[in-house]
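Trainee: Pasting a predicted model and its sequence here:
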Amino acid sequence: MTDASDNHEKFIELLTKYEGLIRASIRAVIRRTEDVDEVMQAVSLTAWRRFDSVTDVDGFPKWACVIARFEILKLQRSKARDRFELDEALMAKIVDEGAKDLLARGRRMELLEDCVKRLPESRRSLVLQAYAPGCSMRALAERLGKSHEGLYQLLRRIRLELKRCVDLHLAQEGERT
Amino acid sequence: MTINDDDLRMLDDWRSGCIAEADFATLQRRLSKDAGLRGELRALADLEEGLTTLAWQPIAIVPVSPLQDDVLSLRERTTFLSCKENRRGLLRRWLPWTIAAVATVFAVLGWIPNPDAPPPNAARPVTALLVDEAGAEFARQRQPGEVRFDPGSYELRAGTVHLRFANGADLVVQGPARFNIRDEFHTQLASGRVRAIVPPTARGFTLETKEVDYEDIGTEFGLSVDASTGVSSMHVFDGQVNLHRAGATGLIKSVFEGDGVQCRDGRVDAAADLNLDQFPSPDEIGFLRWKSLHQEMLSDPSLIAWFPFTRADNASILTNAQRAHGLPDGRIAGAQWTTGRWAGKQALLFDRDSDFAEFEIPGEFQELSIAAWLKVDRFDWEMNAICNSNGSDSGDVHFQMTRHGLPRGGVLGSDRVNFRWVGNPVPLAKWVYVVSVLSIPQRRSVIYVNGEPVWEYDFKSNAGVLILPGHCRLGNWLQEGVKYGTSPRALRGVIDEVAIWNRALSQTEVLSQTEKGCPSLLWSRENPPLRTPMPIPNS
């Protein structure tokens, strides 16, 4: 196998491993899924083009988050301003701080799966349906015979429950170490 | 600083897109000052991303019944696939650059046995994916699985397919063709015609023939191999292609942009007389697909007018291709001919207040469906016309979009109630399929965008209500006889197809039309929601 294809495989492996974290970093400051996708696409492309310069693969997620920060700002500048968009300095701060805390954030995402499994079946099914790509809240509310507002409140409570569960797991792990 | 419930509520409201302006200002202030709250925001985003990832997993275990593969053609199967929004979203999200990373997800999609391909394995990387096709028919046992092409032999009996390899190379194959994908960099072409477009990431992409291997050093070339003689002809559209003796590494020669060669009985000669039109480009496939459906479209007896936006010798004529109902051609005034959904497909650009095209739909109707493919550049006015009857009389038809891109319209003069927007608006700079369906017997008016209802209202009664479209303008509105003049309603954008049926299309039919006319298989039906709270329509 050539060096180029080795490099390609390594890149894909790292991107696959850390994609969730990178996307979450983008998601923290950008609300629209389509924009998150667009930035992630740009990050993937830029990271691939510059991958030759990466010497420390452990630093890949942090490096990719730095790229994400620039791509987020680039996207925001290229689009008409949304009045509910965070200001640039704040966005940069949120992404930069997040890049310093990747290990714990990665662990949180791992623990989430276990917490989702612990949810009662009806709540688990609901939350996974709500986050399935292409799911419309309105359509889901109609299918479940709930009001839009009612569904929104219910999902909010489930998210809170999941967050508490993850926090509890993390705290227990902290006590053990 | 302590994070309170109000902070968390504002964070959640902001993420969900329903925050009040005052709350947003407070939230921004609080986020600037409080690192803990910024951490909460990240935790919320991490949680949502984690849930999105988990929500994908059930998709991967949905098998495609082998029976379905038996009875569905490739096009039908890809349509079937695209109706599963989850899978479609998955495809869109990753392509093209992170294509290989979807391996584990795609690996569990439907599998059609191919004797040369490896057995199903959840960890198989993607070698190539189907991007688009037109009339593609593969030989049984020599066909791709759903949208993925694994290493193995394929026989395309008819039609054209566009593949994208994991390294980014695009290959357009025109049937009949037989080819064997060895890996993402090597494909053997036994017969047929292909065009390869090779980005820097795929440098070295090689098409192998009986006698010569054609290695692309970057950009674009076309290759044809004669099925009976094995003679290969190659033309470089751009960049450089190196020729090697089959299976050997030694360079025979390099061929550069604009030059062609033919290889016969071990001899490589210059070939200057290749017909370059025989190598279709990726953009042409959607157009071919659309053209192949013309007859089917015209055979629907309820289709009363169809303007495919094909430029006639007289550029001011808007040709009505449906002659069965005797409706005349339309007239173009101001709107300029431009490129439509695909290279080679024509469309009309509406960019000035005076631009429009007009046609006449005489008669009275109980039901009517008006459909258009359009791409909006801007929403300049309170109302932006798609297709409006001239004037504002009872029975007139209005079909337009608000400044937010929310479609609205229907038939004037009827006793209308329960106006509501129930879906996402038309976005800017994206091809969308909009359909206005009016039904007096059902007492309902619905406007669909990409197959999803977005605007609806009901008729209080159906007594005495008729649909009388008469003279209509596309992309504008003639405010003739309107008592109080309103702002212009001129469209800023491109329309490249309009069809009118004398019945109410069902949502299934609208979805089917959407899939048939979509720009490519990577095009998504999904549109982003409104960024502001949904307005409440007035009557």
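Mentor: Right, received. Where do you want to start?
Trainee: the helices in the chain, which residues?
Mentor: Picked chain A for this. Secondary structure of chain A (DSSP state H): helices located at A:3-27, A:33-49, A:60-78, A:88-99, A:102-118, A:121-130, A:137-144, A:148-176.
Trainee: You answered for a different chain; I wanted chain B.
Mentor: Using DSSP H, helices in chain B cover B:5-16, B:21-33, B:35-60, B:66-71, B:74-83, B:85-94, B:103-106, B:282-292, B:294-298, B:507-517.
Trainee: Next up, phi/psi of B:Cys352, please.
Mentor: Heads up, residue B:352 is Arg, not Cys. Backbone torsions of B:Arg352, given as degrees, to the nearest 10, read phi -120, psi 160.
Trainee: Tabulate the helices of chain A in a markdown table, adding columns for mean neighbour count.
Mentor: Placement of C-beta: from N, CA and C, glycine included. Compiled in a markdown table, the helices of chain A are given as follows (neighbours: other C-beta atoms under 10 Å in any protein chain shown):
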| stretch | mean neighbour count |
| --- | --- |
| helix A:3-27 | 19 |
| helix A:33-49 | 20 |
| helix A:60-78 | 19 |
| helix A:88-99 | 18 |
| helix A:102-118 | 17 |
| helix A:121-130 | 16 |
| helix A:137-144 | 15 |
| helix A:148-176 | 14 |
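Trainee: burial of A:Val57, as a residue count?
Mentor: Neighbour count for A:Val57, taken as other C-beta atoms under 10 Å in any protein chain shown: 14.
Trainee: quick one: it from chain B, how far?
Mentor: 16 Å (C-beta to the nearest C-beta, to the nearest Å).
Trainee: ok, for that residue, nearest residue in space, not its chain neighbours?
Mentor: Nearest residue to A:Val57 in three dimensions, chain neighbours excluded: A:Leu14, at 6.3 Å (C-beta to C-beta, 6 or more residues apart in numbering or on different chains).
Trainee: would you list the helices of chain A in CSV and tack on mean pLDDT and distance to B:Arg29?
Mentor: Converted to CSV, these look like this (pLDDT from 0 to 100; distance: least, C-beta to C-beta, whole Å):
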stretch, mean pLDDT, distance to B:Arg29
helix A:3-27, 82, 22
helix A:33-49, 85, 24
helix A:60-78, 87, 19
helix A:88-99, 90, 10
helix A:102-118, 88, 25
helix A:121-130, 85, 30
helix A:137-144, 80, 28
helix A:148-176, 82, 23
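Trainee: Same list, the ones you listed, but as a markdown table with distance to B:Arg182 please.
Mentor: As requested, those are exported to a markdown table (distance: least, C-beta to C-beta, whole Å):
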| stretch | distance to B:Arg182 |
| --- | --- |
| helix A:3-27 | 14 |
| helix A:33-49 | 24 |
| helix A:60-78 | 30 |
| helix A:88-99 | 41 |
| helix A:102-118 | 37 |
| helix A:121-130 | 39 |
| helix A:137-144 | 44 |
| helix A:148-176 | 46 |
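Trainee: need the contact list for the residue nearest to A:Val57.
Mentor: Shown in contact with A:Leu14 (C-beta atoms under 8 Å, 6 or more residues apart in numbering or on different chains): A:Val57, A:Phe60, A:Pro61.
Trainee: Present these as JSON lines; the columns should include distance to B:Asp300.
Mentor: Shown next, in JSON lines, are the contacts of A:Leu14 (distance: C-beta to C-beta, whole Å):
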{"residue": "A:Val57", "distance to B:Asp300": "58"}
{"residue": "A:Phe60", "distance to B:Asp300": "55"}
{"residue": "A:Pro61", "distance to B:Asp300": "54"}
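Trainee: ok, so of those, who is nearest A:Arg23?
Mentor: Of all these, A:Pro61 has the smallest distance to A:Arg23: 11.3 Å, by C-beta to C-beta.
Trainee: Would you confirm that the closest one contacts A:Tyr18?
Mentor: Yes - with contact defined as C-beta atoms under 8 Å, A:Pro61 reaches A:Tyr18; the gap is 4.2 Å.
Trainee: what is in contact with these two at once?
Mentor: Shared contacts of A:Pro61 and A:Tyr18 (C-beta under 8 Å, 6+ apart): none.
Trainee: Strands along the stretch 151-300 of chain B, start to end?
Mentor: Listed in chain order, the strands of the stretch 151-300 of chain B (DSSP state E, counting those that start in this stretch) span B:152-165, B:170-183, B:186-198, B:206-208, B:212-225, B:232-245, B:251-256, B:260-264, B:267-270.
Trainee: and of those, who's closest to chain A?
Mentor: With C-beta to the nearest C-beta as the criterion, chain A lies closest to strand B:170-183 of the strands of the stretch 151-300 of chain B, at 9.4 Å.
Trainee: ok, for the residue nearest the centre of chain A, nearest residue in space, not its chain neighbours?
Mentor: Centroid-nearest residue in chain A, with C-alpha atoms, centre = their mean: A:Ala24, separated by 1.8 Å. Counting by C-beta to C-beta, 6+ apart, B:Glu49 is the residue found nearest to A:Ala24 once chain neighbours are left out, at 3.8 Å.
Trainee: what's the neighbour count on B:Ala43?
Mentor: Residues near B:Ala43, counting by other C-beta under 10 Å, number 21.
Trainee: quick one: pLDDT of it?
Mentor: pLDDT recorded at B:Ala43 is 89.
Trainee: Please verify my assumption that it contacts A:Met109.
Mentor: No - assessed by C-beta under 8 Å, B:Ala43 is found out of contact with A:Met109, at 10.2 Å.
Trainee: Can you tell me how far the closest residue to B:Gly250 other than its chain neighbours is from B:Gly344?
Mentor: Nearest residue to B:Gly250 in three dimensions, chain neighbours excluded: B:His244, at 6.5 Å (C-beta to C-beta, 6+ apart). Per C-beta to C-beta, to the nearest Å, B:His244 is found 35 Å from B:Gly344.
Trainee: between the two, which one's more packed in?
Mentor: B:His244 (17 against 14).
Trainee: picking that back up, tell me who's in contact with the residue nearest to B:Gly250.
Mentor: Applying C-beta under 8 Å, 6+ apart, the residues near B:His244 are B:Val212, B:Asp213, B:Glu215, B:Gly250, B:Leu251, B:Ile252.
Trainee: residues touching B:Ala158, list them.
Mentor: B:Gly135, B:Ala136, B:Glu137, B:Gly175, B:Pro176.
Trainee: So for it, what's the pLDDT?
Mentor: For B:Ala158, the model assigns a pLDDT of 89.
Trainee: what about it, distance to B:Asn384?
Mentor: Distance from B:Ala158 to B:Asn384, by C-beta to C-beta: 42 Å.
Trainee: Quick check: pLDDT value at the nearest residue to B:Gly451 once chain neighbours are set aside.
Mentor: Spatial nearest neighbour of B:Gly451, excluding adjacent residues (C-beta to C-beta, 6+ apart): B:Leu511 at 3.8 Å. pLDDT recorded at B:Leu511 is 91.
Trainee: In this structure B:Leu511 contacts B:Val435, no?
Mentor: No - applying C-beta under 8 Å, one finds B:Leu511 not in contact with B:Val435, separated by 10.0 Å.
Trainee: Of these two, give the one with the bigger neighbour count.
Mentor: Shown here are B:Leu511 and B:Val435; by other C-beta under 10 Å, B:Val435 has more neighbours (25 against 20).
Trainee: What is the burial count for the residue in the stretch 401-539 of chain B that chain A sits nearest to?
Mentor: Residue of the stretch 401-539 of chain B nearest chain A, by C-beta to the nearest C-beta: B:Pro528 (5.0 Å). Residues within reach of B:Pro528, counting by other C-beta under 10 Å, total 14.
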